[in-house]
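Colleague: Here's a sequence, model it:
(one chain, ligands or ions: 1)
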Amino acid sequence: MVVVAEDVSRAYGERVALDGVSLSIDEGEVYALIGPNGAGKTTLVRSLTGTTDYEGRVELFGVPPTEVDPQRLGLLPQSFDPPERLTARELVGYYAGLYDRARPVEDVLADVGMTASADTWYERLSGGQQRRVCVAATLVNDPDLLVLDEPTTGIDPAGRRDLRDLLESLAAGGTTVLLTTHYMEEAERLADRVGLLAEGRLVAEGTPDALVAEHGGASRLELRTAADEDAARALMDAGYAVERTARAVVVSGVAPEGIGEVVGALAAADVGYDALSWRQPDLESVYLALAGADVTETGEAREREAGVVA
Ligand SMILES: Nc1ncnc2c1ncn2[C@@H]1O[C@H](COP(=O)(O)OP(=O)(O)OP(=O)(O)O)[C@@H](O)[C@H]1O
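Modeller: The predicted model follows:
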């Protein structure tokens, strides 16, 4: 095991930020920590990397975090304020200089898509470009364990995809990755295992598929109609499990091949509708079921992605 945490707790005065968290991460594994604002993700990352005090036991490569060879660890903190009057190239070069064995600066800049802007002062880069440079700084020592606290926040979708590809290829080469993210889709696609933190506790952990199967619930078929009540009644009479939300009538547990029958039941009752969308449960459903709060990727965004069926 590369990372082992046992019963890790941390309080800030009266405020309990972490409450007995245990987890372990294997070599080459990508582990994503998700959870609402204030759940304790950053506190856990800081405990695991020895950058805050904690109670409990933490070992990285079999030793306490403060004893780990810095050459083996790459850490991207949530807030990272490097000197601003340095160019991206100078900054990455500066971090490379801190290690005995560093990767060529140009290679690292290319990894994060910053070759073209390498000579721009850090302070003149966009927020997303700055985040890319910070990620580059964590890669210079070619670490065996990468710990990234919200690496993709502020990065545009194409950049997020590039970074995801990069992390995937690093993991395929044996690098162990622990990251936190508010993008459920990112955790789902990238992580071998996901841990959901809520109020300082690890409330669920597993592969994305296992979590979805266990906690994701049923598929949802959403109907937008001016005649909510008539639609709901017609579908209930036809034996469907129906729920009304503020903006839609939702039928749960309909398989894709059963959508036609739902449409038929509406037509038989002479109820029209404006739009219909179907969604299978995913990691966002798990998050909403267990942690309940807002997520960055809203339901509407997911619907646009899935496309309106009819
Ligand atoms: N330095 C600190 N002093 C006091 N309280 C803190 C400190 N750092 C974190 N906390 C509290 O600990 C709890 C956990 O915070 P933490 O930053 O670990 O959450 P998080 O899951 O990373 O949140 P976010 O998604 O917003 O980054 C919160 O209630 C927070 O207010």
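Colleague: Quick one: low-confidence residue ranges for the chain.
Modeller: For the chain, the stretches with pLDDT under 70 are 293-310.
Colleague: For it, just list every one of the strands.
Modeller: With DSSP state E as the criterion, the chain has strands at 3-12, 15-25, 30-34, 55-60, 73-76, 145-149, 176-180, 193-198, 201-206, 220-224, 241-244, 249-252, 275-279.
Colleague: What's the separation between residue 111 and residue 162?
Modeller: Taking C-beta to C-beta, to the nearest Å as the measure, residue 111 and residue 162 are separated by 9 Å. For the C-beta atoms, the positions are set from N, CA and C on the backbone; glycine is no exception.
Colleague: more crowded one of the two?
Modeller: residue 111 (20 against 17; other C-beta atoms under 10 Å).
Colleague: dump the residue contacts of that one.
Modeller: 136, 139, 166 (C-beta atoms under 8 Å, 6 or more residues apart in numbering).
Colleague: hmm, 10 Å instead?
Modeller: Counting by C-beta atoms under 10 Å, 6 or more residues apart in numbering, residue 111 makes contact with 103, 132, 135-136, 139, 162-163, 165-166, 169-170.
Colleague: ok, back up a step: CSV please, covering the strands of the chain and showing distance to residue 93.
Modeller: Formatted as CSV, the strands of the chain follow (distance: least, C-beta to C-beta, whole Å):
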stretch, distance to residue 93
strand 3-12, 29
strand 15-25, 31
strand 30-34, 28
strand 55-60, 27
strand 73-76, 16
strand 145-149, 20
strand 176-180, 24
strand 193-198, 35
strand 201-206, 39
strand 220-224, 51
strand 241-244, 57
strand 249-252, 54
strand 275-279, 47
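Colleague: mind giving me JSON lines with these and columns for mean neighbour count and distance to residue 120?
Modeller: Formatted as JSON lines, the strands of the chain follow (neighbours: other C-beta atoms under 10 Å; distance: least, C-beta to C-beta, whole Å):
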{"stretch": "strand 3-12", "mean neighbour count": "17", "distance to residue 120": "35"}
{"stretch": "strand 15-25", "mean neighbour count": "18", "distance to residue 120": "35"}
{"stretch": "strand 30-34", "mean neighbour count": "26", "distance to residue 120": "31"}
{"stretch": "strand 55-60", "mean neighbour count": "17", "distance to residue 120": "35"}
{"stretch": "strand 73-76", "mean neighbour count": "22", "distance to residue 120": "20"}
{"stretch": "strand 145-149", "mean neighbour count": "23", "distance to residue 120": "23"}
{"stretch": "strand 176-180", "mean neighbour count": "25", "distance to residue 120": "26"}
{"stretch": "strand 193-198", "mean neighbour count": "23", "distance to residue 120": "35"}
{"stretch": "strand 201-206", "mean neighbour count": "18", "distance to residue 120": "41"}
{"stretch": "strand 220-224", "mean neighbour count": "21", "distance to residue 120": "45"}
{"stretch": "strand 241-244", "mean neighbour count": "14", "distance to residue 120": "51"}
{"stretch": "strand 249-252", "mean neighbour count": "22", "distance to residue 120": "48"}
{"stretch": "strand 275-279", "mean neighbour count": "18", "distance to residue 120": "41"}
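Colleague: Using ChimeraX, define a selection of the buried residues within the contacts of residue 111.
Modeller: Of the contacts of residue 111, the buried ones can be selected in ChimeraX as follows, counting by 16 or more other C-beta atoms under 10 Å:
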select :103,132,135,136,139,162,163,166,170
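Colleague: Which positions in the chain make contact with the ligand?
Modeller: By the rule C-beta under 6 Å from any ligand atom, the part of the chain lying against the ligand is 12, 15, 17, 35, 37-43, 78.
Colleague: Now the buried members of those.
Modeller: 17, 35, 39-43.
Colleague: Name the residues contacting each of residue 111 and residue 162.
Modeller: Shared contacts of residue 111 and residue 162, counting by C-beta under 10 Å, 6+ apart, come down to residue 132.
Colleague: hmm, back to that, out of the residues of the chain next to the ligand, list just those in helices.
Modeller: Members of the residues of the chain next to the ligand lying in helices (criterion: DSSP state H): 41-43.
Colleague: residues contacting the nearest residue to residue 99 once chain neighbours are set aside?
Modeller: Once flanking residues are discounted, residue 99 sits nearest to residue 141: 4.3 Å by C-beta to C-beta, 6 or more residues apart in numbering. The contact partners of residue 141, taken as C-beta under 10 Å, 6+ apart, are 69-74, 95-96, 98-103, 108.
Colleague: Let's see that with 6 Å instead.
Modeller: Shown in contact with residue 141 (C-beta atoms under 6 Å, 6 or more residues apart in numbering): 71, 99, 102.
Colleague: And it, how far from residue 174?
Modeller: For residue 141, the distance to residue 174 equals 15 Å [C-beta to C-beta].
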